[in-house]
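1. no sequence on this one, just coordinates:
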């Protein structure tokens, strides 16, 4: 499934759409950035409530397919500009991390 | 075997939000060199953790990346306070980072363990009051 298809299925609000055709593979949920870098895999969807600029660096380095900010978290314009420059797919949703993960698990593959 | 490419980066100890610029730059260069994506991921995460550590604990430092035909070496050097107990510092979950760093999502005690996890060899030389030199090797 592509990032774009996921965003449509989960009704995510797009903050930065850099590479909508990227394929997703699995999900990782976490807010401790080093933990995410240690455990998330390439192409994972990363769900977090962390909302500072380091999220963009971690998303880039861990090579996740997209970041979903849960519980209505958003980012300031400066951070969004960095995400655009680095080509990070970034979405937000009012749902909790659990609700998002459950919704992804229920999707037809 | 002869050295192919050498990269040098100064890590600014003042600016926490820009930490990671060197790692992202390294990632870009490795991609241009056609290095395997999983190797790129390991090198850039190990280096980012090192950069973050230098900013949190040591007031900055520098990083040298040496790319050989058969391996990549990362040398991280700072003149910070040094690591009092390397064995403890290597334990997952053990951290001396202050609260303001934790609120940014770091300080989980995973930095050095991640650097070890993502590299084939890691050596820490640290002296209290003098600084720390970390050498990591990733085989190609």
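-> Received, thanks. No experiment lies behind these values; they were computed from the predicted model shown.

2. State the distance from residue B:115 to residue A:12.
-> For residue B:115, the distance to residue A:12 equals 33 Å [CB to CB, to the nearest Å]. Where you see a C-beta, it was placed from the backbone N, CA and C, and this is true even at glycine.

3. Neighbour count: these two, which is higher?
-> In terms of neighbours (other CB atoms under 10 Å in any protein chain shown), residue B:115 is the more surrounded of residue B:115 and residue A:12; the figures are 26 against 22.

4. mind checking how far the more buried one is from residue A:35?
-> 14 Å.

5. Give the full set of residues in contact with the residue nearest in space to the middle of chain A.
-> Among the residues of chain A, the one closest to the centroid is residue A:67, at 1.1 Å (CA atoms, centre = their mean). Residues counted as contacts of residue A:67 (CB atoms under 8 Å, 6 or more residues apart in numbering or on different chains) are A:46-48, A:55, A:59, A:88-91.

6. how does it look with 7 Å?
-> Residue A:67 sits next to A:46, A:48, A:55, A:59, A:88-90 when contact means CB atoms under 7 Å, 6 or more residues apart in numbering or on different chains.

7. mind listing which of the residues you listed are in strands?
-> Counting by DSSP state E, the part of the contacts of residue A:67 found in strands is A:46, A:48, A:90.

8. Neighbour count, distance to chain B and pLDDT for the contacts of residue A:67 - can I get that in CSV?
-> Converted to CSV, the contacts of residue A:67 look like this (neighbours: other CB atoms under 10 Å in any protein chain shown; distance: CB to the nearest CB, whole Å; pLDDT from 0 to 100):
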residue, neighbour count, distance to chain B, pLDDT
A:46, 23, 12, 98
A:48, 24, 8, 98
A:55, 26, 7, 95
A:59, 25, 11, 96
A:88, 24, 11, 97
A:89, 26, 16, 98
A:90, 24, 16, 98
